[in-house]
Structure formats: structure tokens, C-alpha cells
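Participant: Fold the following and give me the result.
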Amino acid sequence: MVHYFHMGLIESIRRVNKPLGLRAQLVSAIAITTVTAIGSLGVISLFMLYNSGLLMKVGEARALAHVLRETVFYAPADKNIQGEGVRQSLKRMMKGSGISALTLKDFNGANVFSEGDLPNTGAGVSSLYYGDGIRVQGLGDTLFDPYSYLYVKVWDVSFGEAGRSITFAVPFASAASDLARLRRLLVILAVAEALLIVLLGGYVLSYFIVKPLKKLEGTASEIAAGDLDKRAVIERDDEIGSLAKAFNSMAERLESEIKVLERTNKELFETREELLRANTLAAVGRLAAGIAHEVGNPLGAVSGYLGMLENAETSAEDKEIIVRANAEIDRITRLLREFLDMSRQPVAALAYSDTNEVVSEAVAFLSHDAAFGRAERRLELKDGLPPVIIDAEKLRQVLVNILINAAHAVEKGGSITISSGMKELEVAQESVRRRKEDTPAHLAVNEKKKFVYVAFADTGRGMSEAEAARVFEPFYTTKEQGKGTGLGLFVSQGIIKTYGGFIDVKSIEGKGSVFTVYLNAAMERRI
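Facilitator: This is a model prediction of the structure:
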């Protein structure tokens, strides 16, 4: 019964106090369990004390009955129960033993002595003892009722119960008072013990259970907020420690999976960009083919006419004009070729080139360009570089394009520094890791690789961070309208990537830019 009461009380609190935290729920459970246990023990103790007290009172009543019988019926000094000595003895015994009422009857059932009023024995009488010429009965609720009595009748065993007898009553007032005090003491002790157990249990639970769980909760919140490197630090060898280890293992797995998802999302985004770019390039390719067809023939004719004028006898000034006109025609031709190259997927033919040689050729090719001529040029080329894996003509195309951009960015009196060298860089390479369930997961692994680089540092106007991030997008240009198409760097990056390299840009607005071309070095080959 106590168990069902306990469970029902817990369920009621759970329903009413759903927002309670774990600590409050555990402390409530401890409190309910403690109060129920102590209350049950208290009730059992009270009943045991009640029985013990009742037995003790019955025993006292029997002893008193024996004394009265010996004194009244068998005293050698005075056999007459009506004697004055017997009467005085009875009064003294009543006063000293706590008897509230007493009646002495003779053989005829007549009262020969009566002191006090015996209680009514009509209802509420329970038999507690009978034997050896003594009958003990309880009147009322005995120990729990201060107005209850023990009703005792003792007779002369020689003549039986119908002979002479003594009937007396012993009130329970003092015993009931003692029991009430004891009951109050038990209640106080139960409350004090319950409070002590709840406080101590609450502290122990908070320290050993709630506190570690709060750590786990805080770590989980930090991981959910994006701090994937966070781990729960709980150094214990019990179930909480095992939970923390399992949580950390789950966090590590989650971190790995999130990184895989981020990389996959990045690849999907890049694939989508490539598809959009492919659609754009397809349209541009059709446009480029039409432009090449329509513009190519007139350009060829103009180039032929300029060749005739160049061979004719002309002044130095006219020859300079012819050279410049040829340069502009070459520029238009190069623009058309960029359109056509952009519409076709570049093919990386296996070829090896000398970087410094191609750089020198590109600088010499642009030496007569007006924009290139107004900037101071500095060559800082390192000797003994290994060959690079790229077609020389393709590399020249890229370098010329970057040099023209640098020349356009530099004001008169500025400088362009062209340097070459070799660097070992860490590049992300794709590898495949097999998980326990044999499912492949793609990870980015850094691998060291040697590159030959060519850097172009100009003192031009530079670019903002947002502009520098977009310079390799098709049709994006920082030049004035009509002075650039936004295709040169896009095509150049595509060419270099095809041969396993890349172009890096660093720029500070108002101070200049540095474009660095990293080329795949052929370490085991010499030209």
C-alpha cells in the first residue's frame, strides 16, 4: 500500500511540475521516498510502542490484582473483609497505585467497600487477559484515548468468580500523555531526518550527477553553436564517465561528418557554378565564332595593307604609326582568340618550358607597347629553375595578359617588378578514407608540392578585397568601360589550372597588386 502511495505521489508531482529540472525532480523523489519511509517506520514504531505499552499496563494491572487479592482475601492479620484495617489498606493502595475506582463485594455479591465510580462496561469493551482468578478488560481506545480505562476484576480462586471479588479501574491518562509526547518526538525526528537526507542527497546528486550532466549540456550547446572542437572533460570511471566518452566519440564523428558535408556542399556549389559558366561559355562561343568569321577577314585585309606600307619607303614617324596599328590589330586578333579559347575546353598537351625564357620573351614582346613603356620594369629572375609542365605559347599568353593588366594599372613613373623562383606549398589533395561500415568518405589532405612561380608586383591603384575576390570571374573587370572585357584573367586561370598550377592575387587598394603564377615543376627533367 505504501509503495502504491509513493508511486502515485511521484506521478502527481511529475504531472503538475513538468518544467522542473533534473535536480528538482531527483530531490523531490528523494524527499518523497524519505518521508514515506520514515513515516512508515514511525507508524510501525507507534503501533509497536502501543502494544508494548498496553502489555505493560496489563501486566501492572495483573500484579496489582494479585497484591489486592493477597491483601484482602488471604491476609492472616484480618480475615474479615469488612474490617477497618482492610478498608484502610484499600484506600492506601488506591492512592499509591493510580486506581481511580474500586469496589469490594462479599460472598453474597453485596458491596462492602466502594470508592470512586467504576466506568460503564456496556460498550467498547475488549478482553485483554483472563485467567488465574483475574480478568482484564479495556474500555475505550486504550492508549490512544486519555479517557480510556483498564477494567480489572479479581476473585478468590477457592470460591470461583461468583464468590467474593474486587473490581477496580485504572485510567490510561498518563500513558496516553506519554504516548502523545513520544508521537510528537517521532514526528520531529522524522522531519529533521527527512530534511537532512534531502539536503545531503541534493548536494551529492548535484555534485556527482547534475553537475557532470550540466557540463555535457553546455558542451552540446557549444557544439551546436558551431564550436566543433569542443569536448566534455569528465574524468570518471563510472556510468557518467562512460557517457562522457560516448558523447565525445559522437562529437568527433559529428565533426568529421560535418566537414565531409561542408566539402560536399562546396563541391556542389562549384559544380553548379561550372554548369552556369559552361552555359554562358556556350553562348559566348557561338557569338565568338560569328565575330571571328565577320571580323577576321577584314582584319586580315587591313593587316595585309599595313604590311605593304611597312615595306614601302616611308618616314620613321609613319613606320612608328604602322607598328602601332599592327599592335592594335594583334590585340583585336588576341581578343577574338580569347573568345574562341573560352568556348573550348583547354587540352593540356604534355610540354616543357623554361620559365625565365618565356618571361623574357613576353617582356620583349610588350617592349613597344605604349602603356607598358611608361612603367619602370625590373627583372629579378632566379637561375637554375627546373622546367615547368606547360606549353610555352600558352604560358606566354598568360604572362602577356598579366603584364598588360599591370601596365594599365600603373601610372606614369610607377614600376612593375617581375621575379621568379621556387616554392614548396601545401595543396589540398583528395583522398578516400574507409569507415567502419565500408562507406567511402572524401577528405581534404594537405600534401607538399614544389612549384616554380613568376610574380608580377606593380605599384598601381590596387584593388579592394571584394574586387580581388572576383578578378578571375568571366566578364568582370576593374578597368574603365571600353578598355577591358573581363576575359583575360579568366582564360589565364583556366590555362594554368589545366596544367596543374594556379594563379594567386594579393592586392592593397591604393598601393598595388601582386599576381603570382604557380607552375607545376618537372623536377626530374632538364631542358
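
Participant: Tell me how far residue 216 lies from residue 237.
Facilitator: According to Cβ to Cβ, to the nearest Å, residue 216 stands 16 Å off from residue 237. From N, CA and C alone the C-beta is placed, and that goes for glycine too.

Participant: what about the two, which has more around it?
Facilitator: residue 216 (16 against 7; other Cβ atoms under 10 Å).

Participant: what's the nearest residue to that one if we skip its chain neighbours?
Facilitator: Leaving aside its sequence neighbours, residue 216 sits nearest to residue 232 (Cβ to Cβ, 6 or more residues apart in numbering; 5.3 Å).

Participant: same question, residue 474
Facilitator: Nearest in space to residue 474, with sequence neighbours left out and distances taken as Cβ to Cβ, 6+ apart, is residue 490 at 4.5 Å.

Participant: I figured that neighbour hits residue 496, correct?
Facilitator: No - assessed by Cβ atoms under 8 Å, residue 490 is found out of contact with residue 496, at 11.4 Å.

Participant: tell me the secondary structure for the residue nearest to residue 216?
Facilitator: Going by DSSP: H, G, I helix; E, B strand; the rest coil, the secondary structure assigned to residue 232 is coil.

Participant: neighbours of it, just the number please.
Facilitator: Around residue 232 there are 19 residues (other Cβ under 10 Å).

Participant: quick one: contacts for it?
Facilitator: Neighbouring residues of residue 232 by Cβ atoms under 8 Å, 6 or more residues apart in numbering: 215-216, 219, 244, 247-248, 251.

Participant: Give me the buried entries from the residues you listed.
Facilitator: In the contacts of residue 232, burial by neighbour count holds for 215-216, 219, 244, 247-248, 251, counting by 16 or more other Cβ atoms under 10 Å.

Participant: How is the protein divided into domains?
Facilitator: 2-180, 240-345, 346-520 (automatic domain parsing).

Participant: Make a markdown table out of these and add mean pLDDT.
Facilitator: What follows is those, written out as a markdown table (pLDDT from 0 to 100):
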| stretch | mean pLDDT |
| --- | --- |
| domain 2-180 | 74 |
| domain 240-345 | 74 |
| domain 346-520 | 79 |
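
Participant: With respect to residue 225, which of these lies nearest?
Facilitator: When the domains of the chain are compared by Cβ to Cβ, domain 240-345 sits nearest residue 225, at 12.9 Å.

Participant: Residue 56: neighbour count?
Facilitator: That count, for residue 56 with other Cβ under 10 Å as the rule, works out to 11.

Participant: Helix or strand: which one has it?
Facilitator: Per DSSP states H and E: residue 56 is located in helix 22-72.

Participant: and what of residue 457?
Facilitator: strand 440-458.

Participant: Just the buried positions in the very next helix or strand once past that strand, please.
Facilitator: As assigned by DSSP H and E, the chain's next helix or strand after strand 440-458 is helix 465-468. By neighbour count on 16+ other Cβ under 10 Å, the buried set for helix 465-468 is 467-468.

Participant: And the helices in this structure, which stretches?
Facilitator: Applying DSSP state H to the chain gives helices spanning 2-16, 22-72, 84-97, 173-205, 211-224, 239-311, 316-342, 355-365, 370-373, 392-409, 465-468, 488-498.

Participant: Which neighbouring elements make contact with the fourth one?
Facilitator: I take that to be helix 173-205. Under the contact definition 3 or more Cβ pairs under 8 Å, 6 or more residues apart in numbering; DSSP states H and E, helix 173-205 sits against helix 22-72.

Participant: how distant is the helix it packs on from the center of its chain?
Facilitator: In terms of Cα atoms, centre = their mean, to the nearest Å, the centre of helix 22-72 is set 53 Å apart from its chain centre.

Participant: Can I get the domains of the chain in a markdown table including distance to residue 188?
Facilitator: Shown next, in a markdown table, are these (distance: least, Cβ to Cβ, whole Å):
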| stretch | distance to residue 188 |
| --- | --- |
| domain 2-180 | 11 |
| domain 240-345 | 37 |
| domain 346-520 | 62 |
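
Participant: separation between the residue nearest to residue 474 and residue 477?
Facilitator: Per Cβ to Cβ, residue 490 is found 10 Å from residue 477.

Participant: I figured residue 426 hits residue 451, correct?
Facilitator: No - under the criterion of Cβ under 8 Å, residue 426 makes no contact with residue 451, lying 11.1 Å away.

Participant: which of the two has more neighbours?
Facilitator: residue 451 (20 against 10).

Participant: Could you give the number of residues near the nearest residue to the more buried one once chain neighbours are set aside?
Facilitator: Residue nearest to residue 451 in three dimensions, not counting chain neighbours: residue 518, with 4.2 Å by Cβ to Cβ, 6+ apart. Here the count is done by other Cβ under 10 Å, and residue 518 has 21 residues near it.

Participant: what about residue 518, distance to residue 496?
Facilitator: Separation of residue 518 from residue 496 (Cβ to Cβ) stands at 8 Å.

Participant: what does residue 454 give?
Facilitator: 10 Å.

Participant: Check the contact lists of these two and give me the overlap.
Facilitator: By Cβ under 8 Å, 6+ apart, residue 454 and residue 496 have these common neighbours: 517, 519.

Participant: The two: which has the busier surroundings?
Facilitator: Counted by other Cβ under 10 Å, residue 454 and residue 496 do not tie: residue 454 has more neighbours, with 26 against 21.

Participant: list the contacts for residue 61?
Facilitator: If you count contacts by Cβ under 8 Å, 6+ apart, residue 61 has them with 129, 136, 150, 152, 170.

Participant: Tell me if I'm right that the first one and residue 136 touch.
Facilitator: When you say that, I think you mean residue 129. Yes - at 4.0 Å, residue 129 counts as touching residue 136 under the criterion of Cβ under 8 Å.
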